[in-house]
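Undergrad: pasting a predicted model and its sequence here:
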Amino acid sequence: MAGYEDFVQLDYKPSRSDLIVSSRIRVPSWSTWKRAAGAVGSESSVGTWAESVVGLKYAHVQRVAAKIFSARRVGNEYVLKIAYPQDHFEMGNMSQILASIAGNVFGMKAVESLRIDDIRWTRDIIRSFPGPKFGIDGIRKFMKVKKRPLMLSVPKPKVGMTTDEHCQIGHDIWLGGLDLLKDDENLSNQKFNLFKNRVAKCMKIRDRIERQTGDRKSYLINVTHSDFREMERRARFVADLGWEFAMIDVVTCGFSGVHSLRNLCGDLGLAIHAHRAMHGAFTRVPSHGFSMLALGEVVRLLGVDQLHIGTAGVGKLVGGRKEVVEIEEHIAESPHAMNEHRSHLTFNKVKANRDLNTLDEDWLNVKPVLPVTSGGIHPGIVEPILDRMGIDIAVQIGGGIHGHPKGSYAGAVAMRASIEAYMDKQNLEEKAKGCKELQQALDKWGHERTR
């Protein structure tokens with residue numbers, strides 16, 4: 001392989017032992033598509049700009065080189081499919097895999113832009129990662145919620161409240177009918193709301209509410225820290241108190257942090273809730289970066305049990321209907337997705353169109369991740385979200401609960417009523433006649449979608 005163009009092999013037939021990347025490039029005016037595509041294949045595998053040392057003299061090097069086996073022009077982009085022989089990668093090392101397929105290539109002048117849309121993993125690579133410990137069924141089992149979306153809320157304001165104020169919100173939303181309290185992504189161990197105090201006090205309140213209501217309640221506790229030793233101490237504290245979840249900011253902690261926490265939580269018996277803060281830095285621009293779908297697959301392999309993916313175009317965050325439903329289908333897909341895994345659920349989901357340059361995947365026995373919809377949700381827009389995403393999800397509501405005219409408890413009651421109306425196929429306005437809290441929410445927000 002003496003030059004970039006030699007990495008383009010359109011007659012190559014990939015095998016199931018090839019990792020496949022679906023990507024898009026824009027070609028600089030001074031170059032050709034074949035040179036630009038070949039540069040991506042070269043830099044992401046065995047090559048260099050210096051032709052004499054690319055690896056032509058080493059047959060064994062050529063065997064692990066990338067091969068662009070499909071290329072088609074769509075508008076001002078070229079859609080590529082790139083095959084990487086499995087032996088190019090170290091099993092169970094996501095950092096090494098991404099350093100290849102999503103590393104230096106993003107900084108090359110050889111392409112004007114590069115977007116990774118999806119990855120098809122090999123069976124051996126899939127088996128080399130832990131995957132979720134609990135997955136959707138496991139979470140539903142220990143939360144004792146079988147047939148409806150799980151409901152959670154994060155206190156607002158995000159940070160600044162005292163421990164007592166934070167825990168009071170937990171009391172109110174649990175008593176109002178929600179399942180889960182959640183820390184926000186930037187709440188950790190600040191002096192106004194210390195981690196251990198918050199976690200311990202919420203436990204006492206949770207136990208009291210469970211006795212009072214007879215329902216299972218829990219708390220998604222943010223153990224995020226850039227020093228894994230501290231993250232481990234926090235996770236152990238959470239487990240020692242008897243909680244069920246640890247939460248991690250998967251992007252800001254990094255993939256080694258996610259993988260290490262999964263191994264620890266597997267021993268501790270904790271499920272992992274994944275917040276995606278900072279993902280927009282590389283997922284948002286449609287023509288460049290790393291897609292949210294691909295990120296979701298990465299953290300599914302690493303072992304998170306729940307992941308935020310957006311509101312399918314209904315709430316305040318970017319991510320349209322087709323994109324979010326496609327992400328959901330990839331992270332929540334399993335061999336049993338439409339039979340024993342979800343046979344007790346009734347779906348009204350739009351099948352995402354296969355025009356997002358995505359790839360089919362066989363997840364083997366990797367458990368599915370529970371998708372979390374969040375961002376600008378209130379009781380009046382629950383219906384279109386569930387119409388698009390189905391009911392095998394978790395719905396997170398922040399301002400749509402705490403901004404209720406009568407406070408957080410009333411906001412939780414209104415949200416629970418909205419979910420119940422959907423499950424019972426009841427008109428929301430009709431449901432509100434018997435629930436003043438829901439009526440008050442509709443009077444304030446109506447069915448307006450947030451921006």
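TA: That came in fine, so what should we check first? Nothing here was measured: the structure is a model prediction, and the numbers come from that model. Residues are numbered from 1 along each chain as shown.
Undergrad: now the helix or strand of the chain with the lowest mean pLDDT, how far from the centre of its chain.
TA: For the chain, scoring each helix and strand by mean pLDDT, DSSP states H and E identifies helix 59-62 as the least confident one, at a mean of 82. Between the mean C-alpha location of helix 59-62 and the chain-wide mean there is a distance of 37 Å, by C-alpha atoms, centre = their mean, to the nearest Å.
Undergrad: leaving out sequence neighbours, find the closest residue to the spatially most central residue of the chain.
TA: Nearest to the geometric centre of the chain sits residue 307, at 3.6 Å (C-alpha atoms, centre = their mean). Taking C-beta to C-beta, 6 or more residues apart in numbering, and ignoring the residues beside it in sequence, residue 307 has residue 274 as its nearest neighbour in space, at 4.5 Å. Any C-beta I mention is one placed from the backbone N, CA and C, and that applies to glycine too.
Undergrad: so residue 212 makes contact with residue 175?
TA: Yes: look at residue 212 against residue 175 with C-beta atoms under 8 Å: they come within range, at 7.3 Å.
Undergrad: the more surrounded of these two?
TA: In this view residue 212 and residue 175 are compared by other C-beta atoms under 10 Å, and residue 175 has more residues nearby, 19 against 10.
Undergrad: that one and residue 215: what is the separation?
TA: According to C-beta to C-beta, to the nearest Å, residue 175 and residue 215 sit 10 Å apart.
Undergrad: can you give me the pLDDT of the residue nearest to the centre of the chain?
TA: pLDDT, residue 307: 98.
Undergrad: who are the contact partners of it?
TA: Under the criterion of C-beta atoms under 8 Å, 6 or more residues apart in numbering, the neighbours of residue 307 are 250, 274, 276, 296, 299, 300, 331, 369, 370, 371, 372.
Undergrad: all strands of the stretch 301-450 of the chain, in order?
TA: In the stretch 301-450 of the chain, the segments counted as strands under DSSP state E, counting those that start in this stretch are 306-308, 370-373, 394-397.
Undergrad: show me the one of those strands that comes nearest residue 358.
TA: Among the strands of the stretch 301-450 of the chain, the nearest to residue 358 by C-beta to C-beta is strand 370-373 (15.9 Å).
Undergrad: so which bits of the next helix-or-strand element following the least confident helix or strand of the chain are buried?
TA: Past helix 59-62, further along toward the C-terminus, the next helix or strand under DSSP states H and E is strand 67-74. The neighbour-count check on strand 67-74 (16 or more other C-beta atoms under 10 Å) flags 67, 68, 69, 71 as buried.
Undergrad: by contact count, what packs against strand 67-74?
TA: helix 33-43, strand 77-85 (3 or more C-beta pairs under 8 Å, 6 or more residues apart in numbering; DSSP states H and E).
Undergrad: okay, it in PDB with CA atoms only?
TA: Coordinates of each C-alpha in strand 67-74 appear next as PDB, following Å, rounded to 0.1, in the frame of the first residue of the first chain:
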ATOM      1  CA  LYS A  67     -10.000  -0.900   3.300                       C
ATOM      2  CA  ILE A  68     -12.600   1.600   1.900                       C
ATOM      3  CA  PHE A  69     -14.900  -0.900   0.200                       C
ATOM      4  CA  SER A  70     -17.900   1.400  -0.500                       C
ATOM      5  CA  ALA A  71     -18.100   5.000  -1.600                       C
ATOM      6  CA  ARG A  72     -21.000   7.000  -3.000                       C
ATOM      7  CA  ARG A  73     -21.500  10.700  -3.500                       C
ATOM      8  CA  VAL A  74     -24.500  12.300  -1.800                       C
END
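Undergrad: quick one, that strand and helix 33-43 angle?
TA: Regarding strand 67-74 and helix 33-43, their directions subtend 140 degrees when assessed with axes from the mean of the first three to the mean of the last three C-alpha atoms, to 10 degrees.
Undergrad: and the contacts of strand 67-74?
TA: Contacts for strand 67-74 (C-beta under 8 Å, 6+ apart): 7-14, 24, 33-34, 37-38, 40-41, 78-83.
Undergrad: from the residues you listed, which would you call buried?
TA: Here the buried ones among the contacts of strand 67-74, as counted with 16+ other C-beta under 10 Å, turn out to be 7-9, 14, 24, 33-34, 37-38, 40-41, 78-83.
Undergrad: list the contacts of residue 419.
TA: Contact criterion C-beta under 8 Å, 6+ apart gives 148, 149, 151, 382, 395 as the residues in contact with residue 419.
Undergrad: if we can go back for a sec, closest to residue 158 out of the strands of the stretch 301-450 of the chain?
TA: The minimum distance between residue 158 and the strands of the stretch 301-450 of the chain falls on strand 394-397, with 13.0 Å, by C-beta to C-beta.
Undergrad: how far does the closest one sit from its chain's centre?
TA: 14 Å.
Undergrad: may I have it as PDB, with CA atoms only?
TA: Output for strand 394-397, consisting of C-alpha atoms alone and laid out as PDB, is shown next (Å, rounded to 0.1, in the frame of the first residue of the first chain):
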ATOM      1  CA  ALA A 394     -37.500   6.500  31.300                       C
ATOM      2  CA  VAL A 395     -38.900  10.000  31.200                       C
ATOM      3  CA  GLN A 396     -36.900  12.700  33.000                       C
ATOM      4  CA  ILE A 397     -38.600  16.000  33.900                       C
END
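Undergrad: what's the mean pLDDT across that strand?
TA: Per-region confidence: strand 394-397 scores 97 on mean pLDDT.
Undergrad: so residue 179 touches residue 217, yeah?
TA: Yes: taking C-beta under 8 Å as the definition, residue 179 is a contact partner of residue 217 at 6.5 Å.
Undergrad: walk me through the domains of this protein.
TA: 4-127, 135-445 (automatic domain parsing).
Undergrad: any chance of the buried residues of strand 67-74 in CSV, with distance to residue 237 and pLDDT too?
TA: As requested, the buried residues of strand 67-74 are arranged in CSV below (distance: C-beta to C-beta, whole Å; pLDDT from 0 to 100):
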residue, distance to residue 237, pLDDT
67, 49, 97
68, 49, 98
69, 50, 98
71, 52, 98
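Undergrad: okay, these in CSV with distance to residue 189 next?
TA: Formatted as CSV, the entries for the buried residues of strand 67-74 read as follows, by distance: C-beta to C-beta, whole Å:
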residue, distance to residue 189
67, 48
68, 47
69, 49
71, 50
